[in-house]
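J.: Just a sequence and a predicted model for now, questions to come.
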Amino acid sequence: VNENVLAFLQGSPDLPIGRITQNMTLTIVDITKGEIISTYDGDFGILEWSPDGKMILYLDPSFYYRWNGVAFQDAPCLLILATGENRCLRSIPRVIPEGYELLTTGIYDWTSDSNSIFYTYAYKLPSEWSILGNLCNLSLIDSQIYCPTQNLGVLKGRSVTNYKLSPDEQFIYFCYSTSTLVEDYAGESNDGIIKIDGTGFFSWTSRIIDDYPPHICSGDSYWRPLP
């Protein structure tokens, strides 16, 4: 929208742990003029700026340390830049299958029209370490949540650890694994493709290695750009 505008975060460590999660400040600057446009204090962490430039979606700063077991179970929030107000998407952490509890959400990504947001769920059984993954979309127009991977049997015991929308946003590439976003190891994984309407799923083994885990997902994947 404006390539001269940059957002950055500053914070201080939460001692004695040392994680940068305290006193978070989001600053937006005009880099050509060398001027501060606006400054916000809040629980800012991982940021995703909407394609139309009007909103910044954010998770709390602790989720930067998710590989150390730090989960995100709160509502992600939107900073509306025109007014400075915050709108938190509280319906997201409330979607929990019967018998499970929420482990974490993560990997938030805007659609190109800025009208909806994709993200992942990971659930676990309360009595044992058995996970269930999902990939969903929240519409900002009618607040409806739709999950194209809802009925995939392969996600029982696995979670979605990476995904990429096709440029026309009709297909989703994703990696599903026995590990989760809040672990620091690569579990046994596969690559998959599904249509945005939840049909047409197919999967394949990407990389086969000698040591455990035997299968891991593609290190990089790229959709061909639209003409």
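T.: In hand now; what should we look at?
J.: ok, the residue nearest in space to the middle of the chain to E85 distance?
T.: In the chain, the C-alpha nearest the mean C-alpha coordinate belongs to I107, at 1.4 Å (CA atoms, centre = their mean). Distance, I107 to E85, using CB to CB, to the nearest Å: 25 Å. (C-beta placed from N, C-alpha, C; glycine too.)
J.: L140 contacts I117, doesn't it?
T.: Yes - using CB atoms under 8 Å, L140 makes contact with I117 at a distance of 7.1 Å.
J.: of these two, who's got more company?
T.: I117 (22 against 18; other CB atoms under 10 Å).
J.: what sits against that one?
T.: Taking CB atoms under 8 Å, 6 or more residues apart in numbering, we find I117 in contact with E48, L57, P76, L89, Y108, D109, W110, T111, N137, L138, L140.
J.: Likewise for T21?
T.: So T21 contacts G11, P13, D14, G45, D60, P61, S62, Y64 (CB under 8 Å, 6+ apart).
J.: Quick one: buried ones out of those?
T.: For the contacts of T21, a neighbour count by 16 or more other CB atoms under 10 Å gives the buried set as G11, G45, D60, P61, S62, Y64.
J.: Could you dump the residues you listed into TSV and include secondary structure, distance to Q144 and pLDDT?
T.: Converted to TSV, the buried ones among the contacts of T21 look like this (DSSP: H, G, I helix; E, B strand; the rest coil; distance: CB to CB, whole Å; pLDDT from 0 to 100):
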residue	secondary structure	distance to Q144	pLDDT
G11	strand	34	96
G45	coil	26	95
D60	coil	25	95
P61	helix	29	95
S62	helix	29	93
Y64	helix	30	92
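J.: which parts of stretch 67-79 are buried?
T.: V70, A71, F72, D74, A75, P76, C77, L78, L79.
J.: Equivalent analysis for stretch 22-40, please.
T.: Buried residues in stretch 22-40 (16+ other CB under 10 Å): M24, L26, I28, V29, Y40.
J.: now swap in stretch 161-174 and tell me
T.: So stretch 161-174, judged by 16+ other CB under 10 Å, has buried residues T161, N162, Y163, K164, L165, F171, I172, Y173, F174.
J.: quick one: contacts of that stretch?
T.: Identification of contacts with stretch 161-174 by CB under 8 Å, 6+ apart yields 107, 109, 111-112, 118, 120, 135, 148-149, 160, 175-177, 179-181, 189, 191-196, 200, 217, 221, 223-226.
J.: how near is the spatially closest residue to L181 that is not a sequence neighbour to P76?
T.: Once flanking residues are discounted, L181 sits nearest to G106: 4.5 Å by CB to CB, 6 or more residues apart in numbering. The gap separating G106 from P76 is 10 Å, by CB to CB.
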